[in-house]
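>>> predicted coordinates and the sequence they were generated for:
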Amino acid sequence: MYTLSSKLKIFSLILIIAGAIMVVSGFLSSHVSLEEVETMLVEEASHGDHAAHATDGHDSEHAEHVMHQIHNRPWAALYVAAFFFFMIALGVLAFYAIQYAAQAGWSPVLFRVMEGITAYVFPGAVIVVLIAVASGTIGHYNLFIWMDPEVVAHDEIIANKSGYLNLTGFIVRAVLFISGWVLYREFSRKFSLAQDTANDNSNFKKNFRISAGFLVFYIVTESIMSWDWIMSVDPHWFSTLFGWYVFASMFVSGITVIALITIYLKSKGLLEFVNDSHLHDLAKFMFGISIFWTYLWFSQFMLIWYSNIPEEVTYYVSRINDYKLPFFGMVVMNFIFPLLILMNSDYKRIPWFIVMAGIVILGGHYLDIFNMIMPATVGDRWYIGVPEIGSILLFAGLFILIVFNSISKAPLLAKGNPFIKESEHFHY
Amino acid sequence: MEAPSKVIHALYTDDDVLMAAVKKVKAARYHIEEVYTPFPVHGLDKAMGLAPTRIAITAFLYGCVGLAVSVIMMNYIMIEDWPQDIGGKPSFSYIENMPAFVPIMFELTVFFAAHLMVITFYLRSRMWPFKKAENPDVRTTDDHFLMEIAIKNNETELTSLLEETGAVEINIVDKEEAH
């Protein structure tokens, strides 16, 4: 049995408070007026080689555009971090369901860690949706321009999509998705706990059935969720494999967090039944899904690059022109680094190697979400500064608090699982 | 190798019994020449004390060869010998058209690594076309496991040890020199 130490509790509360202060200051400092932006642009231009010619018309339009981008930044920073931590929990939920549906024999010793992480699905998803809805109601359409009736009225492409892309539909779909995920999570957790003291395998069988059903629901809703919550920030652009791409990101982040939390709990002398073969398997998944992510990242890029259709390539033009470092940096972090570090079989069993690879992978997948949201909201006015880091701290603190609190609520060994003996004796 | 040398063949009908036998024979400090099994037995190489396989290193090197071959081949075919306009981007530069070549670079890396690795494995296992089978007992291709140990004036001790390990049959045979 794990007990949430007061040290960890204080640590997560400090993260939340420090993060909240930075987020608030990010919002306050983003309130620049049009005049301030104009003087800023003139200053920027005078530093550059181009002579500043103050012809109004186009320039003031540009200044207004830049002002909106500056206003959007704290919203987008908050949204990226909120989505990143939510997607870790949802990725783990899918991984957990796969273990049940496949009747995997190696993983039941890790079930309580996974169940702890999936406790964050509900709060995480609600926060993401609340930020999205708030940006389109109390905010000034800072994330989704299709929520702005002014924009829709003057944009034929978005107007044609408004049967799907409208605030009511967005909320209805979000409620449907979240209730499905949370229902599965609560029931599987309930059956898993009930199985500990049961005399037969009926709870396990129920879990097997609902897991198989959930996976079907999940892959459909995850895909639609990725269009709604991410792809629609660029409402003119679409990619047919976007759902898969986001899935790869959430899956590898989720598995990485399972490995990191397992190593943390082991370092506290708990999870004595988890051996290095279990870590080896998690690291194999981290390695394999990192390659899978790269495959989808490249597939999406190559098809758009090859066909060279203007409304599609703008997506990559803005990323390669304005986001060169995060865009290619994430390929190094998500592919090249884990490929080299985790290729050797022996290294996948060494905890500090997994931790090192895991931290880089998580950083890389934060950047992945960053690259999805930021170009559409803040354009070239991006930076990883106070609002971004503050948002990460805020949600990291919340994530740690909720996850470890949930892990402390149940015994760490799912001792009633019919595969638990096989899992305990698992060796490579 | 002095010819003709005598070897002892111990046959087993279960892989778990075989594994226990191998450990016992190793613990008694005998050298196991070879074990013939109808299917791969997990952990047998470690129990026999075989050196770790180096096939992974060859796989990496063969992959590098495949990658190099694909780059040189496509650069010659698509850029130099008959310049191709790829996707309406007539730059005739390998690096600028690289995204189009990545799938082939990947496939040839895998192709070379996989095929050359199999060929290496066959050669290293001394298996090539028209080779006479080394397999001493055809039952090892069906449901028997065979352990081969060289005899050096210790026939009786070895036989009694192998009997203890649960061998179903123990034969002493002359081993011919030539394979």
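Sure, I can see it.
>>> is B:Arg29 in a helix, a strand, or coil?
The assignment at B:Arg29 comes out as coil when based on DSSP: H, G, I helix; E, B strand; the rest coil.
>>> now do the same end-to-end measure for stretch A:97-107.
With Cα to Cα, to the nearest Å as the measure, stretch A:97-107 spans 11 Å from end to end.
>>> that stretch close to chain B?
No. Figure legend: stretch A:97-107 not in contact with chain B (Cβ under 8 Å from any Cβ of the partner chain); closest approach 14.3 Å. From N, CA and C alone the C-beta is placed, and that goes for glycine too.
>>> residues of that stretch that come out buried?
Residues A:97-101, A:104-107 are the ones in stretch A:97-107 that count as buried (16 or more other Cβ atoms under 10 Å in any protein chain shown).
>>> do the same with stretch B:114-124
B:116-117, B:120.
>>> and stretch A:169-178, by the same measure?
Neighbour counts over stretch A:169-178 (16+ other Cβ under 10 Å) mark A:170, A:173-174, A:177-178 as buried.
>>> near chain B, which residues of chain A are found?
A:298, A:301-302, A:305-308, A:345.
>>> so of the buried residues of stretch A:169-178, which ones are in helices?
Residues of these located in helices (DSSP state H): A:170, A:173-174, A:177-178.
>>> residue contacts, the nearest residue to B:Thr120 once chain neighbours are set aside?
Nearest non-adjacent residue to B:Thr120, counting by Cβ to Cβ, 6 or more residues apart in numbering or on different chains: B:Thr58, 5.4 Å away. Contact partners of B:Thr58, counting by Cβ atoms under 8 Å, 6 or more residues apart in numbering or on different chains, are B:116-117, B:120.
>>> tell me how many other residues crowd the residue nearest to B:Glu155 when sequence neighbours are not counted.
Distances taken as Cβ to Cβ, 6+ apart put B:Ile172 closest to B:Glu155, at 6.7 Å, once the chain neighbours are dropped. As a burial measure, B:Ile172 scores 12 neighbours (other Cβ atoms under 10 Å in any protein chain shown).
>>> hmm, B:Ile172 is touching B:Ala10, no?
No. Taking Cβ atoms under 8 Å as the definition, B:Ile172 is not a contact partner of B:Ala10, at 10.3 Å.
>>> anything in contact with each of the two?
Contacts common to B:Ile172 and B:Ala10, judged by Cβ under 8 Å, 6+ apart, are absent.
>>> ok, A:Leu183 to A:Ile350 distance?
39 Å (Cβ to Cβ, to the nearest Å).
>>> please disregard the earlier target; I meant A:Phe122.
Distance from A:Phe122 to A:Ile350, by Cβ to Cβ: 35 Å.
>>> comparing the two, which residue is more hemmed in?
Per other Cβ under 10 Å, whichever of A:Phe122 and A:Ile350 has more neighbours is A:Phe122, with 18 against 15.
>>> got a list of what that one touches?
So A:Phe122 contacts A:178, A:181-182, A:185 (Cβ under 8 Å, 6+ apart).
>>> so which pair among the buried residues of stretch A:169-178 is furthest apart in space?
Distance extremes for these: the farthest pair is A:Phe170 and A:Ile178 at 12.3 Å, using Cβ to Cβ.
>>> for the residue most central in space within chain B, pull up the helix or strand it's in.
Most central in chain B under Cα atoms, centre = their mean is B:Phe121, positioned 4.4 Å from the mean C-alpha point. Per DSSP states H and E: B:Phe121 is located in helix B:98-124.
>>> which elements pack onto that helix?
helix A:276-307, helix B:55-74 (3 or more Cβ pairs under 8 Å, 6 or more residues apart in numbering or on different chains; DSSP states H and E).
>>> about what we covered before: export the buried residues of stretch B:114-124 as a markdown table, with columns for pLDDT and distance to B:Lys46.
Listed next are the buried residues of stretch B:114-124 as a markdown table, based on pLDDT from 0 to 100; distance: Cβ to Cβ, whole Å:
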| residue | pLDDT | distance to B:Lys46 |
| --- | --- | --- |
| B:Leu116 | 97 | 26 |
| B:Met117 | 96 | 21 |
| B:Thr120 | 95 | 21 |
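>>> identify, from these, the entry nearest to chain A.
B:Met117 (15.4 Å; Cβ to the nearest Cβ).
>>> might one say that that closest one is in contact with B:Ala59?
Yes. In this structure B:Met117 lies within contact range of B:Ala59 using Cβ under 8 Å: 5.1 Å.
>>> remind me, longest helix of chain A?
Chain A, longest helix under DSSP H: helix A:58-101.
>>> just checking, what packs against the helix or strand that that one is followed by?
Downstream of helix A:58-101, the next assigned helix or strand under DSSP H and E is helix A:111-118. Helices and strands touching helix A:111-118, by 3+ Cβ pairs under 8 Å, 6+ apart, are helix A:58-101, helix A:167-197, helix A:242-267, helix A:386-407.
>>> in JSON lines: these, plus mean pLDDT.
Shown next, in JSON lines, are the helices and strands packed on helix A:111-118 (pLDDT from 0 to 100):
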{"stretch": "helix A:58-101", "mean pLDDT": "93"}
{"stretch": "helix A:167-197", "mean pLDDT": "96"}
{"stretch": "helix A:242-267", "mean pLDDT": "96"}
{"stretch": "helix A:386-407", "mean pLDDT": "96"}
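>>> dump those to CSV, plus distance to A:Ala45.
Formatted as CSV, those follow (distance: least, Cβ to Cβ, whole Å):
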stretch, distance to A:Ala45
helix A:58-101, 10
helix A:167-197, 38
helix A:242-267, 37
helix A:386-407, 25
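>>> B:Ile95: which of the ones you listed is closest?
Using Cβ to Cβ, the nearest of the helices and strands packed on helix A:111-118 to B:Ile95 is helix A:242-267, at 25.1 Å.
>>> shaky segments in the chain?
Assuming you mean chain A. Residue ranges of chain A with pLDDT under 70: A:48-57.
>>> if you could check chain B rather than the one you did, that'd help
B:1-4, B:176-179.
>>> chain A contacts on that one?
B:56, B:86-89, B:99-100, B:102-103.
>>> what do you get if the cut-off is 10 Å, keeping everything else the same?
Within chain B, the residues that sit near chain A (Cβ under 10 Å from any Cβ of the partner chain) are B:42-43, B:52, B:56, B:60, B:86-89, B:97-100, B:102-103, B:106.
>>> spit out the contact partners of the most centrally placed residue in chain A.
In chain A, the residue lying closest to the centroid (Cα atoms, centre = their mean) is A:Phe84, at 2.5 Å. Contact analysis of A:Phe84 by Cβ atoms under 10 Å, 6 or more residues apart in numbering or on different chains lists A:124, A:128, A:249-250, A:253, A:362, A:365-370, A:391-392, A:395-396, A:399.
>>> A:Ser226 too?
Neighbours of A:Ser226 in contact, by Cβ under 10 Å, 6+ apart: A:87, A:232, A:239, A:242-247, A:249-250, A:372.
>>> what is the nearest of those residues to chain B?
Out of the contacts of A:Ser226, the member with the shortest distance to chain B (by Cβ to the nearest Cβ) is A:Ser239, at 15.6 Å.
>>> was I right about that closest one contacting A:Ser223?
No. If you go by Cβ atoms under 10 Å, A:Ser239 and A:Ser223 don't touch, sitting 11.4 Å apart.
>>> pick out whichever of those two has more residues nearby.
A:Ser239 (20 against 16).
>>> still on that earlier bit, now the residues of chain B next to chain A: which count as buried?
Going by neighbour count (16+ other Cβ under 10 Å), these have B:86, B:97, B:99-100 buried.
>>> turn the residues you listed into a markdown table, columns for distance to A:Phe217.
Shown next, in a markdown table, are these (distance: Cβ to Cβ, whole Å):
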| residue | distance to A:Phe217 |
| --- | --- |
| B:Ile86 | 42 |
| B:Asn97 | 42 |
| B:Pro99 | 35 |
| B:Ala100 | 38 |
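>>> out of those, flag the one nearest to chain A.
Taking Cβ to the nearest Cβ as the measure, chain A lies nearest B:Pro99 of these, at 4.8 Å.
>>> what about that closest one, distance to A:Ser299?
10 Å.
>>> returning to what we had before: any chance of a ChimeraX selection covering the buried ones in the contacts of A:Phe122?
Entered in ChimeraX, the line below selects the buried ones among the contacts of A:Phe122, by 16+ other Cβ under 10 Å:
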select /A:178,181,182,185
